[in-house]
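A.B. asks: Show me the folded form of this:
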Amino acid sequence: MSFTTLKKHYNSSMRIVLPGALPDPAQARELIPHVEQQAPSLVKWLRAARATVTPADPNHTGCTPVEYWQLCALGFTPGSGQNFATGLGPFLYGLPDCPPSEPVWLVELVHVSPARDGAALLPAGSLDISAEQNQALLQSVSATFAAHGFTVQAAGEHHWRVTLPPDCQPFVVSPTLVSQTSVNAWWSQAPESRAWRRLVNEVQMLWFDHPVNSERYTQQRVPVNSLWLFGGASAAQFKQKTLENTRIIPVLAEPALHQDWGLWLQELGTLNTLFESPLTELVLTGNDRIITLCPAPLERLKNLLALSTNAWRTWWSPRN
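C.D. replies: Numbering: from 1, shown residues only. Take a look at the predicted model:
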């Protein structure tokens, strides 16, 4: 869909979510004049909006800020001992398809490799795993899962659904968050995760020279050599099953992650025309915070503009 078509698709009840739209404060400060030049319609919208700042530290939530926002927007409430990443199980499995009270655990097919700071993870979305490869890998480890007290079944192109033995209660983290940081930062050594660690070690050995990975090597693609477990919450912990009139536009996320601010500004410029039409809400996410922007009532808008047209810079690039 072109941005012209996309703009026509929006109406006054639309909410836009822009992952990666909030650089860290130091970079944000340097980018302000470039943002004003590249995206004047966006800046006009920022000046006229009422901003709400929400902390979204992944160390506390276990997921990326945009994942945290989605879970909160759907009314997810973690249970005792759960973080927000537990809600990603039913969310990614598909809330309308989940039995309401059953915990939904998922594993994502991933590639793990040595890196400067330990080990790096590539998520399934970047691996181009075919349905045939997915099925072959599943068949190769089903008996191993059963031998360790787990069950496993297909659940889409990137995930499998699993059940855990009673003594396995692992620490849960989003695979997307792990892919943006480091495996070592999140790979739990707690006794409650021991059963899962043993299973993963055996799966990794089984897949070392698996025909699927041999084929991927010949195609100059990285192997699917590990699994990442997450989830554990149930659909009953959500107040709603879908997000209405919401569009998540991820074009800023990748350049922000790699701090490619030239490309980031270029992508921001392509979005500028979207803000020439009225919106109900605009959500911007960064590394550890979320800004929710709503149109200010007319009188409040007049007061804001009279006070300062640059008030948005305070939350865009906070100094403390």
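
A.B. asks: Which parts of the stretch 201-320 of the chain are strands?
C.D. replies: For the stretch 201-320 of the chain, applying DSSP state E, counting those that start in this stretch gives strands covering 226-231, 246-248, 281-285, 289-295.

A.B. asks: who does the first one touch, helix- and strand-wise?
C.D. replies: Using 3 or more C-beta pairs under 8 Å, 6 or more residues apart in numbering; DSSP states H and E as the contact criterion, the neighbours of strand 226-231 among helices and strands are helix 88-93, strand 105-115, helix 175-180, helix 194-207. C-beta here means a position set from N, CA and C on the backbone, and glycine is covered the same way.

A.B. asks: now swap in the shortest one and tell me
C.D. replies: Here strand 246-248 is seen to pack against strand 15-18, helix 65-73 when contacts are counted using 3+ C-beta pairs under 8 Å, 6+ apart.

A.B. asks: which other residues reach the last one?
C.D. replies: So the one you mean is helix 65-73. With C-beta atoms under 8 Å, 6 or more residues apart in numbering as the contact definition, helix 65-73 has outside contacts at 17, 19, 54, 56, 58, 61, 63, 84-85, 87-88, 91, 174, 176-177, 243, 246, 248, 253, 283, 285-290.

A.B. asks: What subset of those residues is buried?
C.D. replies: For the contacts of helix 65-73, a burial check counting by 16 or more other C-beta atoms under 10 Å picks out 17, 19, 56, 58, 61, 63, 84-85, 87-88, 91, 174, 176-177, 248, 253, 283, 285-290.

A.B. asks: Please enumerate the strands of the stretch 1-150 of the chain.
C.D. replies: Taking DSSP E, counting those that start in this stretch as the test, the strands found in the stretch 1-150 of the chain are 15-18, 49-55, 105-115, 118-122.

A.B. asks: Any buried residues in the second one, and which?
C.D. replies: When neighbours are counted by 16+ other C-beta under 10 Å, the buried residues of strand 49-55 are found to be 49, 51.

A.B. asks: Which strands border that strand, and is each parallel or antiparallel?
C.D. replies: Looking at strand 49-55 with DSSP bridges, its partner strands are strand 289-295 (antiparallel).

A.B. asks: do you know how far Tyr68 is from Ile129?
C.D. replies: Using C-beta to C-beta, to the nearest Å, Tyr68 is found at 26 Å from Ile129.

A.B. asks: Show me which of these two is the more surrounded one.
C.D. replies: A side-by-side neighbour count of Tyr68 and Ile129, using other C-beta atoms under 10 Å, places Tyr68 first with 29 against 20.

A.B. asks: Who are the contact partners of Leu31?
C.D. replies: 23, 261, 265.

A.B. asks: rewinding a little: closest one to Gln189 among the strands of the stretch 201-320 of the chain?
C.D. replies: strand 226-231 (14.6 Å; C-beta to C-beta).

A.B. asks: Contacts for the closest one, please.
C.D. replies: Strand 226-231 is contacted by residues 85-90, 92-93, 103-112, 121, 160, 162, 170, 172-175, 178, 196, 200, 203-204, 207 when judged by C-beta under 8 Å, 6+ apart.
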